[in-house]
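K.L.:
below are the sequence and a predicted model for it; my questions follow.
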There are 2 protein chains.
Amino acid sequence: MGNADDHMNSYNLDAAASHRVAIPPPQPFIKSLKNTLKETFFPDDPLRQFKNQPPRRKLLLGLQYVFPIVQWGPQYTWQFLKADLIAGITIASLAIPQGISYAKLANLPPILGLYSSFVPPLVYAVMGSSRDLAVGTVAVGSLLTASMLGKVVNVVENPDLYLHLAFTATFFAGVFEASLGIFRLGFIVDFLSHATIVGFMGGAATVVCLQQLKGILGLKHFTHETDVISVLRSVFSQTHEWRWESAVLGCVFLFYLLISRLFSKKKPNLFWVSAMAPLTSVILGSLVVYLTHAEDHGVQVIGELKKGINPGSIMDLNFDSRYLPTAIKTGIVTGVIALAEGIAVGRSFAMFKNYHIDGNKEMIAFGMMNIAGSCTYCYLTAGPFSRSAVNFNAGCKTAVSNIVMAIAVMITLLFLTPLFHYTPLVVLSSIIVAAMLGLIDYEAAIHLWHVDKFDFVVCMSAYIGVVFANIEIGLVMAIGLSVVRVLLFVARPKTLVLGNIPDSKVYRNVDQYQNAQCVPGILILEIDAPIYFANSNYLRERISRWIDDEEDRIKSTGETELQCIILDMSAVGNIDTSGISMLEEVKKTVDRRGLKLGLANPGGEVMKKLNKSKFLETMGEEWIFLTVGEAVGACNYMLHTTNPKLDSNSDLSLKYSHNV
Amino acid sequence: MGNADDHMNSYNLDAAASHRVAIPPPQPFIKSLKNTLKETFFPDDPLRQFKNQPPRRKLLLGLQYVFPIVQWGPQYTWQFLKADLIAGITIASLAIPQGISYAKLANLPPILGLYSSFVPPLVYAVMGSSRDLAVGTVAVGSLLTASMLGKVVNVVENPDLYLHLAFTATFFAGVFEASLGIFRLGFIVDFLSHATIVGFMGGAATVVCLQQLKGILGLKHFTHETDVISVLRSVFSQTHEWRWESAVLGCVFLFYLLISRLFSKKKPNLFWVSAMAPLTSVILGSLVVYLTHAEDHGVQVIGELKKGINPGSIMDLNFDSRYLPTAIKTGIVTGVIALAEGIAVGRSFAMFKNYHIDGNKEMIAFGMMNIAGSCTYCYLTAGPFSRSAVNFNAGCKTAVSNIVMAIAVMITLLFLTPLFHYTPLVVLSSIIVAAMLGLIDYEAAIHLWHVDKFDFVVCMSAYIGVVFANIEIGLVMAIGLSVVRVLLFVARPKTLVLGNIPDSKVYRNVDQYQNAQCVPGILILEIDAPIYFANSNYLRERISRWIDDEEDRIKSTGETELQCIILDMSAVGNIDTSGISMLEEVKKTVDRRGLKLGLANPGGEVMKKLNKSKFLETMGEEWIFLTVGEAVGACNYMLHTTNPKLDSNSDLSLKYSHNV
């Protein structure tokens, strides 16, 4: 070994001195901690624009940061107002029937749907950073509210308590959302992956559609469970109560709504046909009932709606310790789901128009809007996809369209509520079904199947969990699976054998590159993940197995004996103390087998820790290489100088050792 | 753009055609699923040796796999027996007092400590794959049993129920351990990192030491809590009951034990001085009590121990539904902790002697040994570090030393138990304290602080959780933090700017390599983790921020305008659908800014998914490069041909485009 080492050292000094793997310059602990915290919590560097600005300007920038309206308000033009006016009125025409429908879905008084389309949009218009999001109640949030609160309070027996808990849950949802934003924890929402959301939304939409069978069939009793089996049992156990008048009305309107949507999809500039359809249905339905007195023939109607804008509800918040856990849990779950949907919707429209949505800022806006809502007789609001899409298609320019919608709703609240007296519930059910069918995104699920099977499994488990168990189980299953996937990626990293790409000094995975050629006598392994406690045992065993396999293969083919193991560390982003122990053990094992171990291209973090743990000394710095190519060169040189029988390969090895 | 594209295409066709990034050949879904499952559950490929063997040989190999004794038994020699005999007797002399002490720690009759050193070692000798592990009860497992069962059953009021629940918990621990092994889920134990174990063991040892104040001070009443505050309060609230006779005796023996350990550490070949010290203490202590009648002066003694070997206890297993959850929970927690310690101990000694420990096989052995133990009046056993270290130092060769120990314990049980009648409890407390002090590995904690701050935090949180709250909280905190760390690694991957290492075509992180030079007009970013839903939003924002920063910098220095962004994907091991959407969005953003986007060296998994999702088509395959060097070459070529003002750089760019 002494001889080989001498050769190695002179080789390094001569040829590769300029190519040492650098250990990053040491950083004081406080500085590196600060950097880490900054990257974790302030990846978007929000304070950047404040740098080197006079105090007045800083104040203005601060105001603009908290209230984006201060930023875009001064540049607002008449052109914008015209566009926003049209968009605002369009979404108001959708918001009124949808608001009433979703409030029914949440088992809350219908008027809450209107209240919730008045105050929260105004708050969002001032604080939100999306120009396209239309604020209002959301189907999934409504359903979740009903199912989670319904477990604790019977809405029929105790409607007031139920109502107050709904406000309290909204309050906690707002507090939770705002705190996520304030404490820069927005990334928690990122753990709801696209696949999870597709499955979850699809499942929730399926459940919501099934629930509408109650309205469409004119049933009076219905299960409080949301799973498909309970619902179907409930529907088919009371076939004698089905009302054909109601069913016919429902199907007609559903048909009309779907057709109008199809029409608008074909001709995007006629978006208003579909956007106006719900309001038209409500008006037509109400007229039919009023004229035919269908309310006496089993068609249920909304009944009296109170005139006037939102009353205060701050005194109605219920912090009774018996109900507090339920209220907090409902708040957190609905709040997170609302955020996830709202931010995803906001981001997709921002993509189209090429502006930026700040996730943490949006969370604060959503939070404040729900806190304000909970004090003004509103329940959970967010940015529903259907309404925002209509807003976008109607050509909205800024959040002023939300203000216009709020004013339109206010006018309705003040003067027009009596008009909804005869609105049949079955029309509302049709509106909900039509909206929900759009949320079952089976095309996205098929796409997931094609591109990533695991994402598909996550998506389907969310769907099946929601449809067959309940909403929370579906969500927990999907998030759990997603996290397990991340952990499995780290626990079972890929180890790949690399070979030389002909006519280059590049080494790549032989499974991916069919033309890559293994280097005789050298086994090159790439480790494809950070080396952590969770995978260090696995990696140790896997590396041993690679060496065993390679030696078996060589024995059976009679090739050059295995002499060197090179670990390509390019993809090893980090290492912990368990990982370093693993490397030490691998080094011992390899030494004991009489082989040489080289590391290629360890990154900065890894080098730092290898250095601190003295592993670099154990290893010998001359065995750490900048590239796989140099490592192979050095190994070949060593094989060549210590192993005369390999002379036939000398051309190759010389070429490598001199050209690096 | 058309012009540039034409150039690009011809450039690619001419120079780089052989260096296309390959898409791995498609695999049938079933095959890739099978591969993934195999890597996850059978990374060590246990069936490998069975391949191409005749049935007789397969049977033998199978027997050897399940019962390693069949493998090493036939090669057993007299030499081995001599060594194992010495080691076995040595560990028996340690096992007897330790067994009695730990049984007291678990609030179980002292005789159980002896029973537990008889049957389980025999089972392990047949099934275990470690040659150095000495089987017996463990301090932490005993403490955990006491604290978890103690919450549900008062041992003083209901000793029989407590005893039966201890058997039941042991049974479930065995079942759980064996199933982990059988279902190849051994990697779950890997989630207990080294740092967690150091902190947890240190905390448990501290708690156990504090608990011994009861025995040393001769107290009769003591708290059932394990946290330091309750214990100290309990000790100092009854200062009037402290017995000086007991305290003096305890301190003398503790001093003797520690001195003998220090001595053996200095002279490793006198290991038996320390190994025999506990037994010597017991004998001396018993003699002192017998001669001075100290039991009448406040020195508590063990009292009568039943003669005879283990009675059966299979009928004592208690599956009453009231206690079942406690028994199962205790079984799982103690079982996992026992496994983690036992396997870590087994592996470290196997490392020294260069043989291999199969984690899953060990789990099955541990499981069977505890199931057998639970039916023969034993409680939880594992491989305690102290006993195994003595075994190793005494020169054991195979698991026969465990058989020798079991026989020695059997002889003790049959004939010698009356000798322990006068053994003072305080001596047992001294033995426990002396053993526990060795488990507080402060040096390892300091090492963690130096090498990896986060590991240190995990370690300390386990320690503090165990000492100030309780054992389970400490464990949950430490595992939780470890998992959060893995998730944070994925949620906040590093993005690094790469520069050219002079005199090479290699590109490396400019922070690590001070001499790396950025390429004018090109921003090269390396992404350091798989692109998953958990980080895709972050990465999109971070990449935008890098581009902003770079453009700001260029504006202020007046360098060549930014034209190309190259993403080095070498370290991106995998991508999911959210990640692909992220890339699509980055591509759009970059296009909109009038920049070019290139990807360098995407791996096999990534290429497969980019291809399936049609992103490759959007991107243009000519913008995917084998190496960063080639990507830079292509960008420079493009800059050169489309941007005449860059002619001064033409040498450089030509060099790049022709040399790749």
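P.N.:
Here it is on my side, so go on.
K.L.:
who touches whichever residue of the stretch 201-350 of chain A sits closest to chain B in this structure?
P.N.:
In the stretch 201-350 of chain A, the residue that lies nearest chain B is residue A:347 (8.0 Å; CB to the nearest CB). C-beta: built from backbone N, CA, C; applies to glycine. Shown in contact with residue A:347 (CB atoms under 8 Å, 6 or more residues apart in numbering or on different chains): residue A:357.
K.L.:
repeat that with 10 Å
P.N.:
By CB atoms under 10 Å, 6 or more residues apart in numbering or on different chains, the residues touching residue A:347 are A:130, A:133, A:356-357, A:359, A:362, B:537, B:540, B:585.
K.L.:
closest one of these to residue B:366?
P.N.:
Lowest distance from residue B:366 to those (CB to CB) belongs to residue B:537, with 43.8 Å.
K.L.:
ok, the closest one - how many residues close by?
P.N.:
22 (other CB atoms under 10 Å in any protein chain shown).
K.L.:
low pLDDT regions in chain A?
P.N.:
A:1-19, A:642-660 (pLDDT under 70).
K.L.:
pop the domain breakdown of it in here.
P.N.:
Domains of chain A are assigned by automatic domain parsing as A:77-487, A:492-659.
K.L.:
and the residue of the stretch 201-350 of chain A closest to chain B, what helix or strand is that in?
P.N.:
helix A:324-353 (DSSP states H and E).
K.L.:
neighbours around the one residue in the stretch 501-650 of chain A that gets nearest to chain B, how many?
P.N.:
At 3.0 Å from chain B, residue A:533 is the closest residue in the stretch 501-650 of chain A, using CB to the nearest CB. By other CB under 10 Å, 27 other residues sit near residue A:533.
K.L.:
give the contact list for it.
P.N.:
Residue A:533 touches A:490-491, A:576-579, A:581-582, B:190-197, B:455, B:458, B:482, B:485-486, counting by CB under 10 Å, 6+ apart.
K.L.:
all helices of the stretch 451-600 of chain A, in order?
P.N.:
Ranges of helices within the stretch 451-600 of chain A are A:453-464, A:471-491, A:533-557, A:577-592, based on DSSP state H, counting those that start in this stretch.
K.L.:
please identify the most buried of those.
P.N.:
helix A:453-464 (a mean of 23; mean count of other CB atoms under 10 Å in any protein chain shown).
K.L.:
just name the closest of the contacts of residue A:347 to residue B:117, please.
P.N.:
residue B:537 (56.8 Å).
K.L.:
okay but that closest one is in contact with residue A:359, surely?
P.N.:
Yes - counting by CB atoms under 10 Å, residue B:537 does reach residue A:359; the two are 6.8 Å apart.
K.L.:
overlap in contacts, the two.
P.N.:
A:43, A:186-187, A:189-190, A:343, A:347.
K.L.:
ok, the residue in the stretch 101-250 of chain A positioned nearest to chain B - contacts?
P.N.:
Distance from chain B to each residue of the stretch 101-250 of chain A (CB to the nearest CB) is smallest for residue A:193, at 3.0 Å. Residues near residue A:193 by CB under 10 Å, 6+ apart: A:199, A:340, A:455, A:458-459, A:462, A:478-479, A:481-482, A:485-486, B:532-534, B:536, B:576-579.
K.L.:
pull up the residues of the stretch 301-450 of chain A that are close to chain B.
P.N.:
A:343-344, A:347-348, A:351-352, A:354, A:356-359, A:444, A:447-450 (CB under 10 Å from any CB of the partner chain).
K.L.:
tell me the SS of residue A:310?
P.N.:
coil (DSSP: H, G, I helix; E, B strand; the rest coil).
K.L.:
and for it, the neighbour number?
P.N.:
By other CB under 10 Å, neighbour count at residue A:310 equals 19.
K.L.:
check contacts around it.
P.N.:
A:111-112, A:114-116, A:118-119, A:373, A:375-378, A:410, A:413.
K.L.:
how about a cut-off of 6 Å?
P.N.:
A:115, A:119, A:376-377 (CB atoms under 6 Å, 6 or more residues apart in numbering or on different chains).
K.L.:
cool, and residue A:334?
P.N.:
Taking CB under 6 Å, 6+ apart as the test, what residue A:334 contacts is A:141, A:144-145, A:173, A:380.
K.L.:
state the distance from it to residue A:106.
P.N.:
When CB to CB, to the nearest Å is applied, the distance between residue A:334 and residue A:106 equals 10 Å.
K.L.:
how about the helices of the stretch 101-250 of chain A, start to end?
P.N.:
A:111-115, A:119-127, A:139-150, A:159-182, A:187-190, A:194-216, A:228-236, A:244-266.
K.L.:
dump the ones you listed to a markdown table, plus mean neighbour count.
P.N.:
Converted to a markdown table, the helices of the stretch 101-250 of chain A look like this (neighbours: other CB atoms under 10 Å in any protein chain shown):
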| stretch | mean neighbour count |
| --- | --- |
| helix A:111-115 | 26 |
| helix A:119-127 | 25 |
| helix A:139-150 | 24 |
| helix A:159-182 | 23 |
| helix A:187-190 | 19 |
| helix A:194-216 | 25 |
| helix A:228-236 | 15 |
| helix A:244-266 | 17 |
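K.L.:
what's the closest of those to residue A:508?
P.N.:
helix A:194-216 (29.8 Å).
K.L.:
what's the closest one packed up against?
P.N.:
In terms of contacts (3 or more CB pairs under 6 Å, 6 or more residues apart in numbering or on different chains; DSSP states H and E), helix A:194-216 is packed against helix A:139-150, helix A:425-437, helix A:453-464, helix A:471-491.
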